[in-house]
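Asks: Sequence and predicted structure, then a few things I'm wondering about:
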Amino acid sequence: MYRFECKQYIQLDEGVIQDLGRFRDRIFIGRLKWSIGDTQENAGVELDQFDVPNTYYVIARDASGNIVGCTRLLPTVKPFLLGDIFPELCGEGVPRNQHTWEISRGAALNINKGRLAAELFDLSLRFALAQGALNVVAVVTCSLERYFKLRGFDCVRLGTAVNYGHDLLVALSFSTEQF
C-alpha cells in the first residue's frame, strides 16, 4: 500500500525536495523523454521555476517511504506552467484568479493495477478544493485527456490542441466540486 502527504514547498526539508526532483527526473526525463530546460544544478533532479515556496505537492509514498507518485499544485495568481509557458492553449485567455489553481508534474508508478494515478489526481482535486480552489487547470496530452474521461473525471478544454514536439497538447479545466 501507500500513503499520501499534502505539503507546501516551504514545509519540505531539502532531502524530500531532492527525492521529489529525482522521482520527477526518472519519470519525465528518463521514461517520457521530455525535453525540459534543466534549472537544477544537480543533474538527475527535475525542479523548475514553479517549485517555489507557495507551491503545494501531493506525494504518494510506498510502505518503505519511497516516492511513488506526485502532483504539483499552485494558484494561478502567481507564475504557472500554463500561463507562462503554454498560454496559446487557452483560446479565451489564460485563467488567473484565486479560485483557479494549476496541477502539473503529475506522475505515478503503475501500482495497484494502475489506480494510484487516479487516486492521486482525485486527492489533488480534493486538496485544491480545501485550499479554496473551484477549478484546477492542466496542460496534458490528448491521450491523457482520454484517460481522465475514461476514469470519470469531468473536464473542459480551454482551447484547441497544439502540436508540441511529438505530442498533441491541450489545456483542460476540472471542477474541484465534481465528486
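Replies: Right, received. Where do you want to start? Numbers count the residues shown, from 1 in each chain.
Asks: how about the helix or strand harbouring residue 22: buried residues?
Replies: Per DSSP states H and E, residue 22 falls inside helix 14-24. Under the neighbour-count criterion of 16 or more other C-beta atoms under 10 Å, helix 14-24 has 16-24 buried. Where you see a C-beta, it was placed from the backbone N, CA and C, and this is true even at glycine.
Asks: Likewise for stretch 87-103?
Replies: Result for stretch 87-103 [16+ other C-beta under 10 Å]: buried residues 89-90, 94-95, 100-103.
Asks: out of these, which one sits closest to residue 128?
Replies: Within those, proximity to residue 128 (C-beta to C-beta) peaks at residue 101, which comes in at 4.8 Å.
Asks: sec struct for the closest one, please.
Replies: strand (DSSP: H, G, I helix; E, B strand; the rest coil).
Asks: Please apply the same query to the one 3 residues further on.
Replies: When classified by three-state DSSP, residue 104 comes out as strand.
Asks: Correct me if wrong: it contacts residue 140.
Replies: No: Residue 104 lies out of contact with residue 140 (C-beta atoms under 8 Å); the separation is 9.5 Å.
Asks: what residue ranges in the chain score low on pLDDT?
Replies: 36-42, 179 (pLDDT under 70).
Asks: Report the central residue of it.
Replies: residue 104 (2.2 Å; C-alpha atoms, centre = their mean).
Asks: ok, it - contacts?
Replies: The contact partners of residue 104, by C-beta atoms under 8 Å, 6 or more residues apart in numbering, come to 50, 71-72, 80-82, 138-139.
Asks: what pairs with it across the strands?
Replies: For residue 104, the beta-bridge partners are residue 72 (DSSP bridges).
Asks: Can you list the helices and strands that the helix holding residue 22 packs against?
Replies: Counting contacts by 3 or more C-beta pairs under 8 Å, 6 or more residues apart in numbering; DSSP states H and E, helix 14-24 packs against strand 56-62, strand 67-75, strand 100-108.
Asks: in the protein, which spans are helices?
Replies: Here the chain has its helices, by DSSP state H, at 14-24, 81-84, 115-130, 142-150.
Asks: Need the ones you listed in a markdown table (columns: distance to residue 34).
Replies: Below are the helices of the chain laid out as a markdown table (distance: least, C-beta to C-beta, whole Å):
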| stretch | distance to residue 34 |
| --- | --- |
| helix 14-24 | 10 |
| helix 81-84 | 12 |
| helix 115-130 | 17 |
| helix 142-150 | 13 |
